[in-house]
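> Output the structure for:
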Amino acid sequence: MSLTARIEEELREARLARADERRETLALILDALQKAAKELQRPLHDDEELQVLQRERKKRREAAEAYRAADRQEQADAEERELGVLAEFMPELLSEAELEEIVDDVIAEVGATSMRDLGRVMADVMPQVSGRVEGSTVSQLVREKLA
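Residues are numbered from 1 along each chain as shown. Here you go, the predicted model:
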């Protein structure tokens, strides 16, 4: 079952259960997936669906931080709850040790020795960790390893 179909089913269940907050969050996620499919003028592949969810997760994280910085805790909490619903559909996050192992393996595989090899290492690491780690985290670790 595709991620979009799974979210549609969860949305139906949330409507029947009258879980308003969950329903609204699922509707927003589904809308983002449908917009992406419409832009591409075809159904999304699994990895594309995951990319949309990653963007949504990033938006909510940034919004929660902004609300906290503006001392608007209620809105920040709402964003956090939405993140919780979104997390149900995301793959399990990698631990720092798992990520480090993947990066070390790729560096050895590629034979990277300096920052000039950053692009090659990132190109090999990102498909392996897609959806389970933020790109900025990967980039920072790769930079530390190559420095």
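
> ranges for the helices of the protein?
3-16, 20-40, 46-69, 73-87, 96-110, 118-129, 135-146 (DSSP state H).

> Pipe these into a markdown table and attach mean pLDDT per row.
Shown next, in a markdown table, are the helices of the chain (pLDDT from 0 to 100):
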| stretch | mean pLDDT |
| --- | --- |
| helix 3-16 | 93 |
| helix 20-40 | 94 |
| helix 46-69 | 91 |
| helix 73-87 | 93 |
| helix 96-110 | 89 |
| helix 118-129 | 87 |
| helix 135-146 | 87 |
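
> can you list those helices in JSON lines and add mean neighbour count?
The C-beta positions use only the backbone N, C-alpha and C, and glycine is treated the same way. Below are the helices of the chain laid out as JSON lines (neighbours: other CB atoms under 10 Å):
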{"stretch": "helix 3-16", "mean neighbour count": "16"}
{"stretch": "helix 20-40", "mean neighbour count": "16"}
{"stretch": "helix 46-69", "mean neighbour count": "16"}
{"stretch": "helix 73-87", "mean neighbour count": "16"}
{"stretch": "helix 96-110", "mean neighbour count": "14"}
{"stretch": "helix 118-129", "mean neighbour count": "16"}
{"stretch": "helix 135-146", "mean neighbour count": "15"}
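
> Now do the domain split for the protein, please.
Under the assignment automatic domain parsing, the domains of the chain span 3-87, 96-146.
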